[in-house]
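>>> I would like to see how this sequence folds:
(one chain, ligands or ions: 1)
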Amino acid sequence: AHQWRGVIREYADRLPVTESTRIITLGEGGTPLVHAQKLSELTGSTVYLKVEGMNPTGSFKDRGMTMAMTAAVEAGAKAVVCASTGNTSASAAAYATSAGLTCAVLVPEGKIAMGKLSQAIAHGATLLQVDGNFDDCLEIARKLADTYPVFLVNSVNPARIEGQKTAAFEIVDALGDAPDIHVLPVGNAGNISAYWKGYKEYATETTYSFPKGGADGADSAPAEPRTLPAVSTRLPMMWGFQAAGAAPFVAGHPITHPETIATAIRIGNPASWETAVAARDESGGLIDAVSDDEILSAHRWLSSKEGVFVEPGSAASVAGLLKMHEAGKVPQGKTIVCTVTGHGLKDPQWALKTAAGEDVEPVKVGNDVVSVAAALGLESAA
Ligand code: F0G
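Numbers count the residues shown, from 1 in each chain. Alright, predicted model coming up:
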């Protein structure tokens, strides 16, 4: 009786849907907010991880995709398109299948993790590998949607941001108020924009009037405006972290050739530039960079100390927190939430390297208990 119903049904009164909307959902959201014991001990603040890898396709993109695909259906679309560093394509492919739409995805050739590639193919998307980077793919996808009958499901579609803001709602609902600091990885910058929108809506009495009713402003019947009371009493500071080789917000301008092992956030020209800068500045927060080594070390921290397996891009948030801690800039006694955006199984190869970068070889043993006990250094208790 208490099955989570997906973010649209759970937060229907704060999203651009009406009672007649056909909702496309795979049960996304409702992800765990895990108390990070070791990070809390280290920093002296209470640190939680919002584990977005627990979404149906293994990343936070599903929150936005349920809204985007619902909007696509509402707009009468037959085909959707997106550019992606991998996770958006996996999510779009799955939700398009559920909606009965065809899906094309544009990805940078050779720069997306195997798990994500497999998902897009498994769900029957037409996968096109572009001889270029994510920014090139997004430009083509936007032009394609402008000129041809395909519906764009990247986060430049406002429906995506609407869906993704629900993560902030869930955190406030779980903690009873907003955290003091919210830390997350920044790539195309849709997610930091979405969280900030969600936190702001929850912190003030908000009137929702989606003028045209449709999830994408499609011309369905106007929804009744509804005014909802504030849920939280405060706003968090937003701390965003980019990979050092792909850090346009730190540079203050787009980067032409972004590079990082964290392929999810290998982005040089973020689409949601202004809204991300607003999130940073309005919240009194920051957007800084972390090196690939810091990302991999946070990735190892999470798996080996907290029991949470994420993909490298996701670990940028925790890498940022660790960096701020080392610089003495993490306040004590506060509540801090780090979003970890995607599952470790998306891109598992990084777990098979030591901190020194050497391959980890599994130990081979004989097919008997004595060999196994010896390999474990056990002595017989008998
Ligand atoms: N973490 C992961 C695992 C991602 O896949 C992405 C973005 C981000 C963080 C950054 O989020 O773009 O909202 O700032 N991935 C997109 C994709 C670009 O195509 O899957 P953002």
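
>>> quick one: the strands in the stretch 151-300 of the chain?
For the stretch 151-300 of the chain, the strands defined by DSSP state E, counting those that start in this stretch cover 151-152, 181-185, 206-208, 226-228, 237-243, 286-290.

>>> right, so of those, which gets closest to the ligand?
The ligand lies closest to strand 181-185 among the strands of the stretch 151-300 of the chain, at 4.1 Å (Cβ to the nearest ligand atom). Just so you know, the C-beta spots here come from the backbone N, C-alpha and C atoms, and that holds for glycine as well.

>>> any chance you could list what contacts that closest one?
The contact list for strand 181-185 (Cβ atoms under 8 Å, 6 or more residues apart in numbering) reads 45, 168, 171, 191-192, 195, 199, 236-242, 262, 264-265, 285, 313-318, 320-321, 331, 334-339, 341.

>>> ok, now with 7 Å
191-192, 195, 236-241, 265, 313-314, 316-317, 320-321, 334, 336-339, 341 (Cβ atoms under 7 Å, 6 or more residues apart in numbering).

>>> ok, now which ones touch residue 126?
103, 104.

>>> how about stretch 342-352: buried residues?
342, 343, 344, 346, 347, 350 (16 or more other Cβ atoms under 10 Å).

>>> end-to-end on that stretch?
One end of stretch 342-352 sits 18 Å from the other (Cα to Cα, to the nearest Å).

>>> and it with the ligand, contact?
Yes - applying Cβ under 6 Å from any ligand atom, one finds that stretch 342-352 is in contact with the ligand at residue 342.

>>> check the offset of that stretch from the chain's centre.
15 Å (Cα atoms, centre = their mean, to the nearest Å).

>>> now stretch 259-269
From the chain centre to the centre of stretch 259-269 is a distance of 14 Å (Cα atoms, centre = their mean).

>>> measure the nearest residue to residue 228 once chain neighbours are set aside to residue 168 for me?
Excluding the flanking residues, the one nearest residue 228 by Cβ to Cβ, 6 or more residues apart in numbering is residue 206, at 5.6 Å. For residue 206, the distance to residue 168 (Cβ to Cβ, to the nearest Å) stands at 13 Å.

>>> between these two, which is the more surrounded one?
Neighbours per residue, other Cβ atoms under 10 Å: of residue 206 and residue 168, the larger number sits with residue 168, 28 against 15.

>>> if I look at that one, how far off is residue 156?
20 Å.

>>> before we move on, what about residue 292?
Counting by Cβ to Cβ, the gap from residue 292 to residue 156 is 27 Å.

>>> what does the stretch 201-350 of the chain put close to the ligand?
When proximity is defined as Cβ under 6 Å from any ligand atom, the stretch 201-350 of the chain approaches the ligand at 264, 265, 311, 313, 314, 341, 342.
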